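Asks: Output the structure for:
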Amino acid sequence: MLPFDRRPWAKTLATVVIACSLTAAVTATYFLYIFQELHIPEITIILLLLLTIVPPNVEIVLRKKKKAEEDPAGLPVHHLGTR
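Replies: Prediction:
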């Protein structure tokens, strides 16, 4: 679970993060290729960075909203016991 992943703006932010990550990876790869510095370690680093950033954000984008967990304001419902 990522912080604030149930907020209304979480899907938009996750989409922006995915787009920026992919754009940065393609740009870095192209930049390294142009200067002939694209080797196996650099490719591995770029792929590992994408594997740590993209899947959690894809999960947020594809998540369906559960009505039972949230009230109409979008805040989580807490069940507090009374004594």
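Asks: Count the neighbours of Ala14 for me.
Replies: Close neighbours of Ala14, defined as other C-beta atoms under 10 Å, add up to 21. Using the backbone N, CA and C atoms, a C-beta is placed for each residue, glycine as well.
Asks: What helix or strand is it located in?
Replies: If you go by DSSP states H and E, Ala14 is part of helix 10-34.
Asks: who's in contact with that helix?
Replies: Residues from elsewhere that reach helix 10-34 (C-beta atoms under 8 Å, 6 or more residues apart in numbering): 4-5, 38, 42-43, 46, 49-50, 53-54, 57-58, 60-61, 63.
Asks: Any of those buried? List them.
Replies: Among these, the ones that count as buried by 16 or more other C-beta atoms under 10 Å are 38, 46, 53-54, 57, 60.
Asks: distance of Pro3 from Ala10?
Replies: Distance, Pro3 to Ala10, by C-beta to C-beta, to the nearest Å: 10 Å.
Asks: ok, those two, which is more surrounded?
Replies: For Pro3 and Ala10, the more surrounded residue by other C-beta under 10 Å is Ala10, and the numbers stand at 17 against 7.
Asks: Would you mind measuring from the more buried one to Leu51?
Replies: 21 Å.
Asks: do the same with Arg7
Replies: 25 Å.
Asks: Ok, Val16 next?
Replies: 19 Å.
Asks: Please apply the same query to Leu22.
Replies: Counting by C-beta to C-beta - Leu22 and Leu51 are separated by 12 Å.
Asks: The two: who's more crowded?
Replies: Using other C-beta under 10 Å, the more surrounded residue of Leu22 and Leu51 is Leu22, with 13 against 9.
Asks: how near is that one to Ile45?
Replies: Between Leu22 and Ile45 the distance is 15 Å, computed by C-beta to C-beta.
Asks: related to what we said a few turns ago, tell me the buried residues in the helix holding Ala14?
Replies: Those would be 10-11, 13-14, 17-18, 21, 25, for helix 10-34 by 16+ other C-beta under 10 Å.
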